[in-house]
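Visitor: I would like the atomic coordinates for the input below:
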Amino acid sequence: MTGLPLPPVPEPYHLPFHYGALHNIGVDYLVEPGPVRELLAKRHPALAAAEFGGRACVSLNYQLYFAQYPTGGGITEEVEINVIAHPRNAADRLPAVGYGEYARGYDRTGLLGIARLHVLCDNPLAIDAGTRLYAEPKYPGWFVTVLPSLNAAAVHDRWSFSCRRAALEPDRTDAADGDDGPDGPDGQDGADAPRRLRRYDEELLAVEADLAGLDGEPVVNTPITGYGTDQEGRLLAGPLLVHQPYRFHPLDDRTAGRIRLTLGDRTAEAVGDLARLVGEAPAAGVWTYQSAPVAAHHRAYYLP
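Guide: From the prediction side, this is the model:
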């Protein structure tokens with residue numbers, strides 16, 4: 001048999017990874033391609049930036065998801081800063097699509113995917129898994145959000161997320177053995193020791209989206225191919241399949257102001273890169289996904 005071997009799946013992980021629930025908002029910006037090409041050449045040299053009418057596409061992707069494990073459940077939040085890209089050696093296989101067609105899922109080759117530049121995440125396990133399984137440039141962050149919810153007095157089609165600075169530090173809850181740090185899974189101190197998230201107040205970036213009254217349409221735009229480049233320079237592609245349609249809101253000069261992007265300290269690498277790539281470009285489109293509820297606990301009533 002010919003072909004490349006599959007990337008390894010290190011312990012304790014298992015694939016595919018199943019989401020129990022997913023709430024997701026993505027905002028796309030059509031920008032000057034020069035800075036995008038320059039950064040992509042440094043981070044993912046085997047990829048080329050896709051162009052839509054002579055513009056590159058930078059995409060912010062916020063996710064809130066739940067996963068169930070044998071011993072319980074876990075909730076994760078993260079935001080990806082992505083560039084829409086394709087393998088350099090596959091350019092002749094791409095369909096000719098504009099941004100609107102791409103956003104609606106017209107490309108079924110899976111070649112137009114997300115090249116991850118930065119992923120900020122509040123779950124140490126997810127940071128480790130994304131790094132080891134998919135070569136994601138993933139590191140700590142935490143979030144303050146306002147999301148549409150059925151568990152509110154009124155459901156508003158407004159989304160906002162603020163990503164704050166965070167750091168991983170040793171989890172010292174089991175440090176009673178008298179040494180200077182916790183034991184790892186193998187009983188050894190060191191990099192494999194359990195980690196916990198330390199939160200700071202500093203805001204790195206924030207997005208506010210008011211979609212109330214905006215026309216939207218259901219789109220089947222997955223599987224989404226996520227690209228990563230590992231430490232040996234090998235390009236990885238990992239597809240994400242969402243089992244129900246997204247909702248897409250195309251934006252124009254009249255409606256782009258419904259999206260507000262705020263950037264914090266630009267000496268932070270993720271913030272600086274985003275500032276250079278997006279600049280003052282208006283948002284071109286928004287796509288959202290909310291898992292349907294699976295059960296409802298109703299109001300109580302009195303018995304005589």
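
Visitor: what's the closest non-adjacent residue to the residue nearest the centre of the chain?
Guide: Residue closest to the average C-alpha location in the chain (C-alpha atoms, centre = their mean): residue 80, at 3.5 Å. For residue 80, ignoring the flanking residues on the chain, the nearest one in space by C-beta to C-beta, 6 or more residues apart in numbering is residue 61 at 4.2 Å. Where you see a C-beta, it was placed from the backbone N, CA and C, and this is true even at glycine.

Visitor: which residues sit in contact with the residue nearest to the centre of the chain?
Guide: Shown in contact with residue 80 (C-beta atoms under 8 Å, 6 or more residues apart in numbering): 59-61, 63, 114, 116, 118-119.

Visitor: In CSV, list those along with secondary structure.
Guide: Below are the contacts of residue 80 laid out as CSV (DSSP: H, G, I helix; E, B strand; the rest coil):
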residue, secondary structure
59, strand
60, strand
61, strand
63, strand
114, strand
116, strand
118, strand
119, strand
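
Visitor: Name the nearest of those residues relative to residue 290.
Guide: Nearest to residue 290 among the contacts of residue 80 is residue 63, at 11.5 Å by C-beta to C-beta.

Visitor: what's across from that closest one in the sheet?
Guide: Beta-bridge pairing for residue 63 (DSSP bridges): residue 24, residue 78.

Visitor: Isn't it up against residue 19?
Guide: No. Using C-beta atoms under 8 Å, residue 63 is not in contact with residue 19; the gap is 9.0 Å.

Visitor: Show me where the protein has its strands.
Guide: If DSSP state E is used as the criterion, the strands of the chain fall at 21-31, 47-49, 56-69, 72-87, 113-121, 138-146, 158-170, 195-210, 217-219, 224-229, 235-240, 246-250, 259-263, 283-290.

Visitor: So which elements touch the first one?
Guide: Under the contact criterion of 3 or more C-beta pairs under 8 Å, 6 or more residues apart in numbering; DSSP states H and E, the helices and strands touching strand 21-31 comprise strand 56-69, helix 99-103, strand 195-210, helix 269-278, strand 283-290.
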